[in-house]
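Visitor: Sequence unavailable; structure follows:
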């Protein structure tokens, strides 16, 4: 049973528009969340994170929103650029066990010029 | 760049043969991890280490063993490779001062 779910395997967005990637989790003990981006034939790279004490974290074009009551987080990319085309992984961990970071299956984002 | 090097980057091996993947880091971080990536599953933790000779199992540890005799090296061994172990394997580290995991470039393993 997946503890971290990304129900959209793929997403296509026009360049300049907003990309919204969604993630749901089932374990209420999770208190730290991360997003990673992965290009083909490369390792995943860290993008942005959020602690459960916050409901929003922003870094340039990337914003992560956390809704603890719904066990849902989302990554917003504004404006989307062709270079953002990649697979995005949502991940979650428990503060007392940072070693076990659980990843979702990923969403493949295509930004169309 | 977290100074992680994986070797080999690509390998094809036969069912039943042993395989060892090596992860080398240059920054002496305490925590190191091995993940595998498969379609539909994301990244799943195989084993991790929190120091020299200190290792523990992750979500999908069956069929894998690890060793860490030096801080900088974390080895993943498939004692007898099976086709279900065909995957992309990623080594990762966690910097001692933070909560973020940083990945290496990956090792593509095909078991035929």
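Guide: That came through, no problem. Quick caveat, the model's predicted, so the values are computed rather than measured.

Visitor: Pick out the residue nearest the middle of chain B.
Guide: The structure's chain B has its C-alpha centroid closest to residue B:34; by Cα atoms, centre = their mean the separation is 2.9 Å.

Visitor: What separation is there between the residue located most distally from the centre of chain B and chain A?
Guide: Distance to the chain centre peaks in chain B at residue B:97, reaching 21.6 Å (criterion: Cα atoms, centre = their mean). Look at residue B:97 and chain A: by Cβ to the nearest Cβ, to the nearest Å, they are 12 Å apart. Any C-beta I mention is one placed from the backbone N, CA and C, and that applies to glycine too.

Visitor: Tell me the confidence at that residue?
Guide: Looking at residue B:97, its pLDDT is 75.

Visitor: secondary structure class for it?
Guide: Per DSSP: H, G, I helix; E, B strand; the rest coil, the local secondary structure of residue B:97 is coil.

Visitor: ok, back up a step: surely the residue nearest to the centre of chain B and residue B:48 touch.
Guide: Yes: between residue B:34 and residue B:48 there is a contact under Cβ atoms under 8 Å: 7.2 Å.

Visitor: For the top strand by length along chain B, name the packing helices and strands.
Guide: Longest strand in chain B by number of residues (criterion: DSSP state E): strand B:42-51. Where contact means 3 or more Cβ pairs under 8 Å, 6 or more residues apart in numbering or on different chains; DSSP states H and E, strand B:42-51 is packed against strand A:86-94, strand A:97-103, strand B:31-38, strand B:54-57, strand B:64-70, strand B:73-78.

Visitor: Can you check which of those gets nearest to residue A:53?
Guide: Nearest to residue A:53, of all these, is strand A:86-94, at 14.2 Å by Cβ to Cβ.

Visitor: Is any residue of that closest one near chain B?
Guide: Yes: judged by Cβ under 8 Å from any Cβ of the partner chain, strand A:86-94 comes into contact with chain B through A:89, A:91, A:93.

Visitor: Is it possible to mark the buried ones in those?
Guide: Buried subset of those (neighbour count, 16 or more other Cβ atoms under 10 Å in any protein chain shown): A:89, A:91, A:93.

Visitor: And these, which is closest to chain B?
Guide: Closest to chain B out of those is residue A:89 (5.8 Å), distances taken as Cβ to the nearest Cβ.

Visitor: hang on, the earlier thing: with respect to the helices and strands packed on strand B:42-51, which exhibits the lowest mean confidence?
Guide: Among those, strand A:97-103 scores lowest, at a mean of 77.

Visitor: Can you name the next helix or strand after it?
Guide: strand A:107-112 (DSSP states H and E).

Visitor: close to chain B, is that next one?
Guide: No: counting by Cβ under 8 Å from any Cβ, chain B has no neighbours in strand A:107-112; the shortest distance is 10.2 Å.

Visitor: Now the residue farthest from the centre of chain B: phi and psi?
Guide: Note on residue B:97: its backbone torsions stand at phi -90, psi 0 [degrees, to the nearest 10].

Visitor: Residue A:83 now?
Guide: Torsion angles at residue A:83 (phi, psi; degrees, to the nearest 10) stand at phi -70, psi -10.

Visitor: Next, count neighbours for the closest residue to it other than its chain neighbours.
Guide: Of all residues not flanking residue A:83 in the chain, residue A:111 sits nearest, at 7.7 Å (Cβ to Cβ, 6 or more residues apart in numbering or on different chains). Using other Cβ atoms under 10 Å in any protein chain shown, residue A:111 has 21 neighbouring residues.

Visitor: and residue A:111, what does it touch?
Guide: When contacts are counted by Cβ atoms under 8 Å, 6 or more residues apart in numbering or on different chains, residue A:111 is found next to A:12-15, A:19, A:80-85.
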